[in-house]
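> Predicted coordinates and the sequence they were generated for:
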Amino acid sequence: MSKGVPRRLRMNRAARLQSAKHWLPTYEGRDPVKGYRNWYGVSTACAIIELRQLGIKIDEQRLIQAKRTEESKAKQRSRKRQQRAEKYLAADELLESDETFAYIAGYTEWGFPYGITWEEVEAENDL
């Protein structure tokens, strides 16, 4: 199994709830949600839900806000991933190639392409 990752970070919900019964009395911080989130490596919404299951009273507004924040972060990640993909597609479109040349560096005065041929690429890959 994963030797480098602490067991508490690999636990499922049932195991976390069982473990948290022993962890909660030893917690000395001010914010049990933040402490639980960091200790068990879960999201804020997950920490709130699980702490509620353990009998800790946490305001409904905090859960709503946590879910809203997670949704906005997911949208940001998705947008960034989309932008990155578009950037790479645009870069690929800038590279010219045809059935003879893998990369067309330019054209002669007469309009003939020059660059790296597919045969040269294959020979380079065989090395």
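Structure received.
> nearest residue to K67 other than its sequence neighbours?
Using Cβ to Cβ, 6 or more residues apart in numbering and skipping the chain neighbours, the partner closest in space to K67 is A45 (5.1 Å). Using the backbone N, CA and C atoms, a C-beta is placed for each residue, glycine as well.
> Quick one: residues contacting that neighbour.
Remark: with contacts taken as Cβ atoms under 8 Å, 6 or more residues apart in numbering, A45 is in contact with L63, A66, K67, E70.
> what's around the last one, how many residues?
So the one you mean is E70. 14 (other Cβ atoms under 10 Å).
> Kindly report the same for the second one.
Under the neighbour criterion other Cβ under 10 Å, A66 is assigned a count of 20.
> Check it and give its pLDDT.
Note on A66: pLDDT of 97.
> Against H22, how distant is it?
Counting by Cβ to Cβ, to the nearest Å, the separation of A66 from H22 is 25 Å.
> same thing with the last one?
Relative to H22, E70 is positioned 28 Å away (criterion: Cβ to Cβ).
> can you tell me the average pLDDT over stretch 114-124?
89.
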